[in-house]
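Trainee: after the sequence you'll find the predicted model.
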Amino acid sequence: MSVDYDVDRKPEEVGQKNYRKFHLIIIKPTHYDDEGYPIQWLRSAIPSNTLACLYGLAEDCQKRKVLGESIELKLHSYDETNIRVEPKRLAKMVQQDGGGALIALVGVQSNQFPRALDLARQFKALNMEVCIGGFHVSGCISMLPEVPQEIVEAQNEGISFFAGEAENQRLDEVLEDSFHGTLKPLYNYMNDLPNLDNQPDPILPRKHIIRTLGSHSSFDLGRGCPYQCSFCTIINVQGRKSRSRSADDVERIIRRNYAQGIDRFFITDDNFARNKDWEALFDRIIDLRHRQGFNIKFLIQVDTLCHRIDRFIEKACAAGVTRVFIGLENINPDNLLAAKKRQNKITEYRQMLQEWRDHGATTYAGYIIGFPSDTRESILRDIEIIKKELPLDLLEFFYLTPLPGSEDHLNLYRKNAWMDEDLNKYDTNHRVSHHGKMSDEEWESAYKEAWKSYYSREHIETVLRRAAVHKRGRPSNKLFLMLFFHLMVKLEGVHPLEGGFFRLKYRKDRRSTLPLENPFVFYSRYFAEIIGKHWGYLKDVTRFYWLYYKLKNSPDRMNYSDTALEKGSEEEEEGLRLYKDTAGGEAAIEKMKKTQAIRDRVAAKNVSSQ
Ligand code: SF4
C-alpha cells in the first residue's frame, strides 16, 4: 500500500498503516550563507561522521528486520553539503515506491538548526514523519534548565527530537514508533551513553565519498574527553569518560571501506590522544599497513600534550597518519586558564610541533579569537609570533562562540547576557556575543586580519620553504591545502571547514525567513559571482604555483632554516617572543622549570633505588 504525499492534503488525512515497505531517509543538513542560501558544493570538503554512524546503525536495523519479517526497510542517505535535498521530490519517490517514511535529520549542529527546521517543516507539510538529532538538541537538553523555545515550537508542530547517541539499538524504537505513526516529541538518552565496541560499523556508501574532495571517508573510534574546556560542547554531549571501538572494529571498518576503493580516512575523535585504546587501535592499523599491504592514510585530531605519551607520534605515523589537527587554541597562558584549557602548555608547543614535523606529518591548528584578555593588537601580535616561532603548517581561526551545550553558553544564559538569536550564525565564523575588551567592530576586524596575515604571500612562502627543506615535507601538498584555506576565506566567504569546489545555489532553497529573489536578479548575480570567483582562483593559483615552481628549482632550497625550525639552547628558547610577549608566558616558563626539576628529582631517585 502506498501513501499519497501531497502538499495539498492535511497531515491528519493520511495514516501510516499496513505498509509492506518503509523508507528511512537520513539527511545531514547544511546551513545558510549570509544571503540565506544553503552552503552546497559540487564537491564538499569533509564527509560527515554522523551520517556514517547513522547509516551503519540503519543497515543493522535493516539486517535485523526491526519492523517485522515482512516489512522491507529501505535506506536513503543525503549529505546536503554536496547534494540538493528536495522534499517534494523525495515525497514523490516514496509515493511511487510505496510505503511509509521517516525523515531523520542527523548530526544537526546549532548553526544547522534553522536549515534543519526549514526542511523539517517542508516534510511535515508533505505529511512525512520527521525526527531531528545532533549536537544542538543534545547540548541544549544536557546543559539548559529548560528546553529552548525553538525546540518546543517544533515539537508542537509534530516534529520529534532525539538527544544522545543512537547505538545500543536505540534507532529501533524511533523506527517502530514512526512506522506506527506514534513518534514521541523527545527521545532522551542523554543520561545513558552507550559503549562503542562491537557496535555496527560507521560506513558511508561510495556515492557520498566521490562527492568529497580527496575522497576521504570518516569514522570515529572513540568518544568522550577527560578535559574541561569551557567552550567545548563535546564533553557535555559525549561525556568525559573515554569510550572506544575495538581493534577488531577498526579492522572491519577499514576492510569494508577498502573493498569500496576508499583508502583515505578522517578519524573524527575530537581528541584521539585521549582514547584509552589508542595504542591497540594504532597497532592493528600498523599491522594492516605493514604486514597486509593496505595503502591507507589518516587525518586525526589530538591535544597539545600528545607528544608526552610514550611513542604516540611514532605509532601514529607508522599507522599512516599524515595530517594532524591540534587544538592549540591560544598562545597566552592567561587566556587558556580562563577557558579552563589548563592542559595546553605553551612551553610544549614548539617541541610537539617539531616532533610531528620530524615524522613528516602536516600540522593544522585551531586558534580561537576573542578570549577574555585578547585585544585587536594582541591578536595580531600573537599571529606574528606563531608565524615566526612555531613550525606549524595550517592555522584555522574561530571566533570564541558560546555554543549551546557548552559551559560558556550556560554562563552567558544565566547572566542573561546578549547572544545573537540567529542560530545560523553559531558556526564559529560569525561573532555572536560581545567581548569585554574589544568593540564588535574591533573583534570582527581582528578575526578577518588574522586570516589575511597567516595566509599572506610571505607566510605561504615561508611554510613552503620549511616543507621543501624536509625530505618528507611534501611542499606541493602543503601549497594545495594552504591555497584551499586562503581561497575559501577570500573568495567564497566561508570557513575552510565548510568549503568545497564549485558553489551551488538554488533560488528556491532560500531561508524561509527571507523572500524569494526575482529570477533575473538571482541568476545574473550568481553567474557574475561564478565568473568573478573563478577569475580570482585563476590569478591566485597561477601566482602561487609560480612561486612553488621557483622555490622547488631554487639551488639554495636545502639551505633554509628559521627560528621555528631550530631547536635552540635553553637561553635562546626562553628569549622567544612566545614567552616574553604573551600574557602569562614568563610565568609558564617558571612553572615548566619547576615541573622539570621535580621530574629530574623523581628520575634520580628511581635510578638510585635500583
Ligand atoms: S581537549 Fe578538545 S575535546 Fe577535550 S574538552 Fe577541550 S576542546 Fe573539548
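Mentor: Done, it's in.

Trainee: nearest spatial neighbour of R84, skipping sequence neighbours?
Mentor: Spatial nearest neighbour of R84, excluding adjacent residues (Cβ to Cβ, 6 or more residues apart in numbering): Y506 at 6.1 Å. (C-beta placed from N, C-alpha, C; glycine too.)

Trainee: same question but for F294, I mixed them up
Mentor: Nearest residue to F294 in three dimensions, chain neighbours excluded: L288, at 4.4 Å (Cβ to Cβ, 6+ apart).

Trainee: show me what the one helix or strand that neighbour maps to is in contact with.
Mentor: Here L288 sits within helix 278-290, counting by DSSP states H and E. Helix 278-290 is contacted from outside by 221, 244-248, 250-251, 254, 272, 275, 294-296, 298, 309, 311-312, 315-316, 318-320, using Cβ atoms under 8 Å, 6 or more residues apart in numbering.

Trainee: ok, V66 - contacts?
Mentor: So V66 contacts L73, Q169, L171, D172, L175, E176 (Cβ under 8 Å, 6+ apart).

Trainee: so the fourth one sits in a strand?
Mentor: No. Counting by DSSP: H, G, I helix; E, B strand; the rest coil, D172 falls outside a strand, being helix.

Trainee: that one: neighbour count?
Mentor: D172 is flanked by 16 other residues according to other Cβ atoms under 10 Å.

Trainee: wait, it sits on C61?
Mentor: Yes. Assessed by Cβ atoms under 8 Å, D172 is found in contact with C61 at 6.2 Å.

Trainee: ok so, going back, C-terminal to the helix holding L288, what's the next element?
Mentor: That would be, after helix 278-290 and using DSSP H and E, strand 297-302.

Trainee: render the CA-only coordinates of that following strand in CSV, please.
Mentor: What follows is strand 297-302 as a C-alpha-only set of coordinates in CSV (Å, rounded to 0.1, in the frame of the first residue of the first chain):
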residue,chain,number,x,y,z
LYS,A,297,46.3,7.2,5.3
PHE,A,298,44.6,9.2,8.1
LEU,A,299,43.9,12.6,9.5
ILE,A,300,43.4,12.6,13.3
GLN,A,301,42.7,15.2,16.0
VAL,A,302,44.8,15.4,19.1
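
Trainee: and the next element down the chain from that strand?
Mentor: helix 312-318.

Trainee: now do the helix or strand that that following helix is followed by: which elements does it pack against?
Mentor: Heading C-terminal from helix 312-318, the first helix or strand you meet, by DSSP H and E, is strand 321-329. Here strand 321-329 touches strand 297-302, helix 346-358, strand 362-369, going by 3 or more Cβ pairs under 8 Å, 6 or more residues apart in numbering; DSSP states H and E.

Trainee: check what pLDDT the residue nearest the centre of the chain gets.
Mentor: Nearest residue to the geometric centre of the chain (Cα atoms, centre = their mean): L497, 7.0 Å. L497 is assigned 93 on the pLDDT scale.

Trainee: which residue is the nearest non-sequential neighbour of the closest residue to the ligand within the stretch 401-550 of the chain?
Mentor: The stretch 401-550 of the chain approaches the ligand most closely through S406 (9.0 Å), counting by Cβ to the nearest ligand atom. Among residues not flanking S406 along the chain, T233 sits closest, at 4.9 Å (Cβ to Cβ, 6+ apart).

Trainee: hmm, the one you found is touching G405, no?
Mentor: Yes. Shown here, T233 and G405 form a contact pair, counting by Cβ under 8 Å, at 3.6 Å.

Trainee: now the common contact residues for these two.
Mentor: By Cβ under 8 Å, 6+ apart, the residues touching both T233 and G405 are F135, G139.

Trainee: quick one: list the elements packing against the longest helix along the chain.
Mentor: The residue-count maximum for a helix in the chain (DSSP state H) belongs to helix 519-552. Here helix 519-552 touches helix 457-468, helix 475-487, strand 500-504, going by 3+ Cβ pairs under 8 Å, 6+ apart.

Trainee: make a markdown table out of these and add distance to the ligand, mean pLDDT and mean neighbour count.
Mentor: Shown next, in a markdown table, are the helices and strands packed on helix 519-552 (distance: least, Cβ to the nearest ligand atom, whole Å; pLDDT from 0 to 100; neighbours: other Cβ atoms under 10 Å):
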| stretch | distance to the ligand | mean pLDDT | mean neighbour count |
| --- | --- | --- | --- |
| helix 457-468 | 25 | 96 | 19 |
| helix 475-487 | 21 | 96 | 19 |
| strand 500-504 | 25 | 97 | 17 |
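
Trainee: low-scoring pLDDT stretches of the stretch 51-200 of the chain, where are they?
Mentor: Within the stretch 51-200 of the chain, no range satisfies pLDDT under 70.

Trainee: and the strands in it?
Mentor: Counting by DSSP state E, counting those that start in this stretch, one finds strands in the stretch 51-200 of the chain at the ranges 72-79, 100-105, 129-133, 160-163, 186-188.

Trainee: quick one: strands adjacent to the first one?
Mentor: Strand 72-79 pairs in its sheet with strand 21-28 (parallel), by DSSP bridges.

Trainee: ends of stretch 326-339, how far apart?
Mentor: 16 Å (Cα to Cα, to the nearest Å).

Trainee: what about that stretch, distance to the chain center?
Mentor: 19 Å (Cα atoms, centre = their mean, to the nearest Å).

Trainee: is it anywhere near the ligand?
Mentor: Yes. Shown here: stretch 326-339 in contact with the ligand (Cβ under 6 Å from any ligand atom) through G327.

Trainee: list the buried ones in that stretch?
Mentor: 326-337, 339 (16 or more other Cβ atoms under 10 Å).

Trainee: if we can go back for a sec, quick one: the helices and strands packed on strand 321-329 as TSV, columns for mean pLDDT, distance to D118 and mean neighbour count too.
Mentor: Below are the helices and strands packed on strand 321-329 laid out as TSV (pLDDT from 0 to 100; distance: least, Cβ to Cβ, whole Å; neighbours: other Cβ atoms under 10 Å):
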stretch	mean pLDDT	distance to D118	mean neighbour count
strand 297-302	96	31	21
helix 346-358	96	42	20
strand 362-369	96	29	22
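
Trainee: for the ones you listed, give me TSV that also has distance to K471.
Mentor: Listed next are the helices and strands packed on strand 321-329 as TSV, based on distance: least, Cβ to Cβ, whole Å:
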stretch	distance to K471
strand 297-302	18
helix 346-358	11
strand 362-369	14
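
Trainee: got those as CSV, with distance to the ligand columns?
Mentor: Listed next are the helices and strands packed on strand 321-329 as CSV, based on distance: least, Cβ to the nearest ligand atom, whole Å:
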stretch, distance to the ligand
strand 297-302, 8
helix 346-358, 14
strand 362-369, 9
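
Trainee: who's the nearest residue to Q301 once chain neighbours are set aside bridged to?
Mentor: With Cβ to Cβ, 6+ apart as the criterion, Q301 has its nearest non-adjacent residue at 4.4 Å, and that residue is F325. When assigned by DSSP bridges, F325 has beta-bridge partners Q301, Y364.

Trainee: thought F325 was touching Y367?
Mentor: No. With contact defined as Cβ under 8 Å, F325 does not reach Y367; the gap is 11.7 Å.

Trainee: would you mind naming what in this protein lies close to the ligand?
Mentor: C225, Y227, C229, C232, I234, I235, D270, N271, D303, G327.

Trainee: burial of the fourth one, as a residue count?
Mentor: So that's C232. Neighbour tally, C232, other Cβ under 10 Å: 22.

Trainee: residues contacting it?
Mentor: C225, S406, E407.

Trainee: ok, the residue nearest to S406 - contacts?
Mentor: Applying Cβ under 8 Å, 6+ apart, the residues near T233 are F135, G139, L403, P404, G405, S406.
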